[in-house]
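1. Output the structure for:
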Amino acid sequence: MSKIINSGGDEAEFAKPLYVPIKRRSFFMYAGATAGATALLLSGCSDDDDNGVTPAGMVNLGAGDVGVLNFAYALEQLEAAFYARVKASPASDFSATEKDYFVQVAAHEAIHRDFFKAAINRDAPGKIIQDLTPVFDTIDFTKRASVLSAARTFEDLGVQAYNGAGKYLKTPAYLVIAGQIVSVEARHAAYVRDLISNGSFADDSIIDPITGLDKALEPTAVIAAAQGFIKEKLDATNVGK
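-> A predicted model of the protein is given here:
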């Protein structure tokens with residue numbers, strides 16, 4: 001049976017326990033979302049039990065809300081690791097403005113990663129996935145063009161990932177936060193795209209010309225696209241189920 005807690009206050013109260021582990025980088029310090037009523041805790045929820053069998057050696061992201069959060073956490077681990085590397089050793093042909101930009105984005109992605117880690121550990125103890133090992137062998141971090149191309153890949157994929165997985169979240173508080181995070185990812189994607197080719201920030205390769213909406217991908221398709229950058233093999237087949 002699902003475990004419910006009544007929160008008479010708003011989502012700031014729901015988020016309060018995460019202030020300490022994330023400290024001054026807390027995502028909730030600027031999330032600002034408010035909504036009353038109830039919050040569904042992930043631990044002990046039958047909806048979040050895994051379905052099927054994960055092949056040996058693969059990392060199962062899980063099912064239900066915890067599966068979606070682990071899915072997002074995996075992607076944020078990848079992005080945070082990439083931007084930390086860019087920040088530590090910026091491309092030799094970056095402008096001063098571009099260097100400053102990547103310092104800011106590195107902070108954003110670290111906040112997103114730490115939020116998901118704290119949220120899953122708080123609400124679904126024992127169900128968080130392991131720390132992942134990034135594989136960036138195909139990226140030349142000394143060259144602007146290579147870094148920007150990789151950044152565009154990660155940011156476009158991130159937007160499509162949140163757009164595709166958001167519909168599977170059952171807990172309103174997490175859906176609100178996911179919506180706020182994807183808006184930040186979209187800003188990153190737009191800026192990087194314009195650095196590569198001015199005016200490409202909203203072209204038909206990422207915006208559906210029929211609906212006028214950002215494109216979306218199912219979790220399994222996202223993981224398939226990201227897998228080449230992650231050492232561990234991820235199983236997203238139960239995400240959203």
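2. Asp208: how many residues sit nearby?
-> 11 (other CB atoms under 10 Å). To be clear about C-beta, it is placed using only N, CA and C from the backbone, and glycine gets the same treatment.
3. got a list of what it touches?
-> By CB atoms under 8 Å, 6 or more residues apart in numbering, the contact set of Asp208 is Asp214, Lys215.
4. Contact partners for Ile129?
-> By CB under 8 Å, 6+ apart, the residues touching Ile129 are Val59, Asn60, Leu61, Gly62, Asn70, Tyr73, Ala74.
5. So which of those belong to strands?
-> Val59, Asn60 (DSSP state E).
6. Identify the farthest-apart pair in the contacts of Ile129.
-> Maximum pairwise distance among the contacts of Ile129 (CB to CB): 13.2 Å, between Asn60 and Tyr73.
7. buried stuff in the longest helix seen in the chain?
-> In the chain, assigned by DSSP state H, the helix with the most residues is helix 96-123. Neighbour-count burial for helix 96-123 flags 98, 101-102, 105-106, 108-120, 123 (criterion: 16 or more other CB atoms under 10 Å).
8. same for the helix or strand harbouring Val159, what does it pack against?
-> Using DSSP states H and E, Val159 maps to helix 144-165. Using 3 or more CB pairs under 8 Å, 6 or more residues apart in numbering; DSSP states H and E, the elements in contact with helix 144-165 are helix 64-88, helix 172-196, helix 219-226.
9. what does the last one rub up against?
-> To tie it back to what came earlier, the one meant is helix 219-226. 61, 67-68, 71, 74-75, 78, 157, 160-161, 164-165, 168, 217, 234-237, 239-240.
10. Mind doing that once more with 10 Å?
-> With contacts defined as CB atoms under 10 Å, 6 or more residues apart in numbering, helix 219-226 is touched by 59, 61, 67-68, 71-72, 74-75, 78-79, 132, 153-154, 156-158, 160-162, 164-165, 168, 216-218, 230, 233-241.
11. List the buried residues for it?
-> Using 16+ other CB under 10 Å as the test for burial, helix 219-226 gives Pro219, Thr220, Val222, Ile223, Ala225, Ala226.
12. now the longest helix of the chain against helix 172-196, angle please.
-> 160 degrees (axes from the mean of the first three to the mean of the last three CA atoms, to 10 degrees).
13. returning to what we had before: can you put the buried residues of helix 219-226 in a markdown table and add distance to Ala88 and pLDDT?
-> What follows is the buried residues of helix 219-226, written out as a markdown table (distance: CB to CB, whole Å; pLDDT from 0 to 100):
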| residue | distance to Ala88 | pLDDT |
| --- | --- | --- |
| Pro219 | 30 | 98 |
| Thr220 | 32 | 98 |
| Val222 | 26 | 98 |
| Ile223 | 27 | 98 |
| Ala225 | 25 | 98 |
| Ala226 | 22 | 98 |
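14. Mind exporting the C-alpha coordinates of stretch 187-194 to CSV?
-> Output of stretch 187-194 as CSV, limited to C-alpha atoms (Å, rounded to 0.1, in the frame of the first residue of the first chain):
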residue,chain,number,x,y,z
ARG,A,187,18.3,27.5,-22.0
HIS,A,188,21.6,25.7,-22.0
ALA,A,189,20.7,23.9,-25.3
ALA,A,190,19.7,27.2,-27.0
TYR,A,191,22.8,29.0,-26.0
VAL,A,192,25.2,26.2,-27.1
ARG,A,193,23.3,25.8,-30.4
ASP,A,194,23.7,29.5,-31.1
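15. coming back round to it: which other helices and strands contact the longest helix of the chain?
-> Taking 3 or more CB pairs under 10 Å, 6 or more residues apart in numbering; DSSP states H and E as contact, the helices and strands that helix 96-123 lies on are helix 11-15, helix 19-22, helix 28-31, helix 64-88, helix 144-165, helix 172-196.
16. angle of that helix against helix 144-165?
-> Using the same axes, to 10 degrees: helix 96-123 against helix 144-165 is 30 degrees.
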